[in-house]
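K.L.:
when you get a sec, could you give me coordinates for this:
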Amino acid sequence: MEQWLYRFEELGMEFNDLVGKKCANLGEMSKLGMRVPYGFAISVQGFEAFMNLTGLAGQIRERIEPRREILKKVEVCQEESRVVQRLIESTAMPESMRKEIVDYYRELCKKVGRADLPVAVRSSGIVSMPGQMDTYLNISGDDNVIEYIKKVWSSAYTVRAMMYRIERNLPVEWAPIGVAVMMLVDAKAAGVVLTVLPTTGDTTQVIIEGNWGLGESVVSGEITPDSFTLEKENMQITGRHVCRKQGMVIREASGTVYSQVPEELQEKPCLNDDELLALAEIALSVEKHFGMPQDMEWVIDKNLPFPENIFWVQARPAKFTKADKSKDVDYIINLMVGMFD
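P.N.:
Numbering: from 1, shown residues only. Now for the predicted structure:
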C-alpha cells in the first residue's frame with residue numbers, strides 16, 4: 001500500500017485531491033511559517049483501503065445503489081444512514097492500518113511531550129462541504145483515536161451528507177474523505193477572521209469574531225460573539241462590538257462540555273489589541289500569498305505567551321457578494337456555525 005499517512009509539514013495545496021482541503025491547507029500554512037497544531041493526515045486512500053479490506057465497499061454499494069431514487073425520501077435515507085454508519089463504526093480497523101495510525105499518533109504524543117495527547121479528529125473533504133461531516137474534539141488514547149477516525153468516515157453517510165450528494169447527482173454509496181488528527185489547543189478563545197466584508201465585498205477591512213473557549217460555542221446559536229473591525233491600510237481598530245458572553249465550550253476529561261463563562265469574563269473582550277493586530281497581519285499575509293480574500297479560523301492557547309499562543313486551524317478563500325452591509329454580522333455567525341467541521 002502506497003503512503004496514506006502524512007505529517008502536516010509534508011503537505012501543501014498540491015495534495016488537495018489526496019488528503020482533502022483542510023489537511024492540504026494545514027500543510028500549506030505550515031510552509032508559510034504559520035503556527036499550526038502538530039498533526040497528521042489520513043488520505044482518502046486510507047478510507048478506500050479500510051472499505052475495501054473489510055468488504056464494506058461492496059456491502060454498502062449493494063445496499064445503496066439500487067435505492068438511490070427512494071433515498072430521496074427522508075425516512076428511507078435516515079434508515080440507510082443508520083445502517084451504513086453502524087456498519088462502519090462496528091467494523092474493526094485492519095491490523096496493518098491500525099498499527100500505522102497508532103505509530104503516527106504516538107509520534108505526535110512524543111513530539112508534544114504528553115502521553116495520550118488530546119487531539120481533534122476532523123473531516124477533510126476534497127470538495128468543501130461545510131458542516132456536512134463531523135468533527136470530534138478532545139480524543140485521547142490509541143483505541144479512541146481509531147474509534148473516532150471511523151466515526152469521521154461514517155459521517156460521510158449522515159442524512160445531510162447523503163442528501164447533499166443526491167441533490168448534486170454525486171455517487172451516494174462511495175464518499176472517500178480525508179481525516180486530520182491534530183493536537184487540541186487548550187483554548188482561551190477561538191474564532192474566525194475574514195479579510196473581506198462578506199456581504200459588501202469591501203476588501204479594505206478585516207473583520208474578526210470570537211468567543212471564549214473552543215470555537216464550537218457559537219454552534220448552539222445561544223452566543224453572539226465579540227466582533228472587531230480593522231482598516232487594512234493603517235491597521236487601526238475601527239470597530240469593537242463586545243457582547244455579554246454567557247456560554248462557551250470547553251474541554252473536560254473526555255470530550256467537551258458547554259459551560260458558563262465566569263462572571264468576570266462575560267463582558268470582557270475575548271481578544272486584546274496585540275492579539276487582534278497579530279491575527280489581522282497574519283491573515284493579510286495569507287491573503288497576499290493566495291491572491292484572494294481569506295476566511296481563517298484561529299485559536300488562542302491559554303498557557304503560552306503571546307505571540308506563540310496564536311494557532312491557525314483553517315484557511316480558505318472567502319465567499320463574499322455585493323449585498324446589504326448590515327448582514328455582515330449574520331454572515332459571520334452563520335460561518336462560525338459551520339466552522340471546525
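K.L.:
what's the burial count for His289?
P.N.:
Counted with other CB atoms under 10 Å, the neighbours of His289 add up to 14. Just so you know, the C-beta spots here come from the backbone N, C-alpha and C atoms, and that holds for glycine as well.
K.L.:
state whether it is indeed within a strand.
P.N.:
No - judged by DSSP: H, G, I helix; E, B strand; the rest coil, His289 forms no part of a strand; its state is helix.
K.L.:
how about the strands in the stretch 201-341 of the chain?
P.N.:
Applying DSSP state E, counting those that start in this stretch to the stretch 201-341 of the chain gives strands spanning 205-212, 226-231, 237-241, 247-251, 256-260, 294-301, 310-317.
K.L.:
which helices and strands does the fifth one pack with?
P.N.:
The helices and strands touching strand 256-260, judged by 3 or more CB pairs under 8 Å, 6 or more residues apart in numbering; DSSP states H and E, are strand 247-251.
K.L.:
deepest-packed of the strands of the stretch 201-341 of the chain, please.
P.N.:
strand 205-212 (a mean of 26; mean count of other CB atoms under 10 Å).
K.L.:
name every strand pairing with it and say which way it goes.
P.N.:
strand 187-194 (antiparallel), strand 226-231 (antiparallel) (DSSP bridges).
K.L.:
including distance to Ala315, could these go into TSV?
P.N.:
Formatted as TSV, the strands paired with strand 205-212 follow (distance: least, CB to CB, whole Å):
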stretch	distance to Ala315
strand 187-194	10
strand 226-231	18
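K.L.:
take those and write them to a markdown table, including mean pLDDT and distance to Leu284.
P.N.:
Shown next, in a markdown table, are those (pLDDT from 0 to 100; distance: least, CB to CB, whole Å):
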| stretch | mean pLDDT | distance to Leu284 |
| --- | --- | --- |
| strand 187-194 | 94 | 10 |
| strand 226-231 | 96 | 9 |
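K.L.:
of those, which is nearest Val84?
P.N.:
For Val84, the closest of the strands paired with strand 205-212 is strand 187-194, at 32.1 Å, according to CB to CB.
K.L.:
just to revisit the earlier point, and the strands paired with strand 205-212: which comes nearest Ser259?
P.N.:
Of all these, strand 187-194 comes closest under CB to CB, at 12.3 Å.
K.L.:
could you give the angle of that closest one to strand 247-251?
P.N.:
Per axes from the mean of the first three to the mean of the last three CA atoms, to 10 degrees, the angle that strand 187-194 makes with strand 247-251 is 120 degrees.
K.L.:
how about Ala156: what's its closest non-neighbour residue?
P.N.:
Ala175 (3.9 Å; CB to CB, 6 or more residues apart in numbering).
K.L.:
which elements pack onto the helix or strand where Met97 lies?
P.N.:
In this assignment (DSSP states H and E), Met97 forms part of helix 95-112. In terms of contacts (3+ CB pairs under 8 Å, 6+ apart), helix 95-112 is packed against strand 5-7, strand 39-42, helix 44-53, helix 142-154, strand 178-183.
K.L.:
highest mean neighbour count out of these?
P.N.:
strand 39-42 (a mean of 28).
K.L.:
now do Ala253 against Ile139, distance only.
P.N.:
12 Å (CB to CB, to the nearest Å).
K.L.:
of those two, which one has the most company?
P.N.:
For Ala253 versus Ile139, neighbours defined as other CB under 10 Å are more numerous around Ile139 (23 against 8).
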